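Trainee: quick check, what structure comes out for this input:
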Amino acid sequence: MNSARTQAGSRSSIQQWAAVSRPARPIVRELLINGPQTRTSLAKTLGLSTGSLTRLTKPLVQSGLLVERDIVHDPVNGRPTRPLDIVAEDFHFLGIKLTSTHVYAVVTDLRARVVAEAAEPIGDRQPESVIAQARNMMTRLSREGAEPVAAGFALGGHPQAPGETAAAEVFDAPFLDWWGIPLQPLLDDRMGIPCVVSNDVSALAHSQHWFGAARGLSDFALVTAGAGIGYSLFIRDHMVTATESNLREFSHHILDPGGPMCAEGHRGCVASYLSTHSILASAAHGLRRQVSIEEITRMAREGDAVCLQVTRQAGWALGAVIATVVNITMVKTVVVAGESVEVARTGKRHIERGMGHRRHRDYRSIDIPMLSADFTEWARGGAVAAIRTFVAGTS
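Mentor: Predicted coordinates:
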């Protein structure tokens, strides 16, 4: 049985996490991300005295939110001690990723390890219907012993701050044709657990920073290529704030003025090379039939001339984008994700060619982790948004 639930009486575990004091939040975050640590090590990392650390952690241990692990010898003073840790397996979080056609759901533990997952096509695209579908998926996953205490919804789009025409924050999700939707009240009313709504690229970037390919890095960038082009930048452990207009400019940054044309009439922009729509249109033009991303990658591997050219273009463009980001920001790690990445990955040597065209020295020193093209990682990003909001107290 969940120790926190047992000791908290009628209060749910998520309410207990919400009650953690602000000074103790950095301790929770440190243990979440970096695992069990001695009190001496924690105090040194966080710049606290051992007395202050003991005072802050004592109520968390008593409530069952933190536990003491088996005795080890402190590497600093050699004394036997019990490292502190999070009880990650006792708490579960729902992550939902919405695309224009599907709902992807995962349940994770407190360290974002996936314990259950599901995916299904969207039925009715009305917001209330999609939320009801997500609630049904949560119920099914809960039967597998993974009952979530909070949820994070990640989708392409951006919140609009309250203004003259809106009394509360509303959300625009162009790929679902949702405009000005008050998602938070709908989720609070229908899901039955605390929920948070996030832009999917931001959620994925935070997930990679805490638990993924960028874990342990203070500076990195994330570039995504799929239905849209996404970008996120972390400097000194903080995500750089970007407006929707900024991100739109990034997706239409010109790589080659003589390149293919995007849907907005730009030649050679990032979207014209790397958006799913552009890649599919390019292949369909050459093959004279509709084709899928999976077919393009398969046919390229089999030597089809049209699909090989598509992968060459996509690979070169991805390399050019990565090098441009590195040149401007001076980060040395660029995480890449999205369904279009599989096409670029097939033309891997062309990624290096594109990087070489934009960065003349040491481009091979750039680290480029490539995430899986499926949407499990994106749904996991939704779960991490819930963990960050409701457990770590980080927005």
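
Trainee: low-confidence ranges in the stretch 1-150 of the chain?
Mentor: The model of the stretch 1-150 of the chain has pLDDT under 70 over residues 1-12, 74-78.

Trainee: show me the strands in it, by range?
Mentor: For the stretch 1-150 of the chain, the strands defined by DSSP state E, counting those that start in this stretch cover 66-68, 72-73, 80-81, 84-86, 93-98, 102-108, 114-121, 150-155.

Trainee: mean neighbour count and distance to Tyr273 for the ones you listed - can I get that in TSV?
Mentor: Any C-beta I mention is one placed from the backbone N, CA and C, and that applies to glycine too. Listed next are the strands of the stretch 1-150 of the chain as TSV, based on neighbours: other Cβ atoms under 10 Å; distance: least, Cβ to Cβ, whole Å:
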stretch	mean neighbour count	distance to Tyr273
strand 66-68	17	48
strand 72-73	12	52
strand 80-81	14	55
strand 84-86	20	42
strand 93-98	29	24
strand 102-108	25	25
strand 114-121	16	28
strand 150-155	28	24
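
Trainee: next up, the contacts around Val321.
Mentor: When contacts are counted by Cβ atoms under 8 Å, 6 or more residues apart in numbering, Val321 touches 223, 253, 255, 270, 274, 354.

Trainee: ok, now Arg215?
Mentor: Residues near Arg215 by Cβ under 8 Å, 6+ apart: 33, 208-209.

Trainee: just the buried ones from these, in ChimeraX syntax?
Mentor: In ChimeraX, a selection of the buried entries from the contacts of Arg215 looks like this (16 or more other Cβ atoms under 10 Å):
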select :208,209
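
Trainee: which residues touch stretch 371-380?
Mentor: 95-97, 99, 102, 104-106, 108, 112, 114, 117, 119, 154, 200, 203-204, 207-208, 212-213, 293, 335-339, 341-342.

Trainee: which residues does Gly230 bridge with?
Mentor: As for beta bridges, Gly230 partners with Thr224 under DSSP bridges.

Trainee: distance of it from Gly315?
Mentor: From Gly230 over to Gly315 the distance is 19 Å, taken as Cβ to Cβ, to the nearest Å.

Trainee: please apply the same query to Trp378.
Mentor: Distance, Trp378 to Gly315, using Cβ to Cβ: 22 Å.

Trainee: just give the nearest non-adjacent residue to Ala18, would you?
Mentor: Nearest residue to Ala18 in three dimensions, chain neighbours excluded: Phe390, at 6.4 Å (Cβ to Cβ, 6 or more residues apart in numbering).

Trainee: can you check Gly192 too?
Mentor: Counting by Cβ to Cβ, 6+ apart, Gly192 lies nearest to Arg135, which is 7.3 Å off, once chain neighbours are set aside.

Trainee: do the same with His350
Mentor: His350 sits nearest to Gly315 (Cβ to Cβ, 6+ apart), 3.1 Å away.

Trainee: same check, this time on Thr324
Mentor: Using Cβ to Cβ, 6+ apart and skipping the chain neighbours, the partner closest in space to Thr324 is Arg358 (5.3 Å).

Trainee: can you pull the contacts of that neighbour?
Mentor: Arg358 touches 319-320, 323-324, 327, counting by Cβ under 8 Å, 6+ apart.

Trainee: and which of the residues you listed is nearest Ile131?
Mentor: Thr324 (38.7 Å; Cβ to Cβ).

Trainee: and the closest one, what pLDDT?
Mentor: We have a pLDDT of 96 for Thr324.

Trainee: can you tell me how far the most centrally placed residue in the chain sits from Leu233?
Mentor: In the chain, the centroid-proximal residue (Cα atoms, centre = their mean) is Leu204; its distance is 1.1 Å. From Leu204 across to Leu233, the span is 13 Å (Cβ to Cβ).
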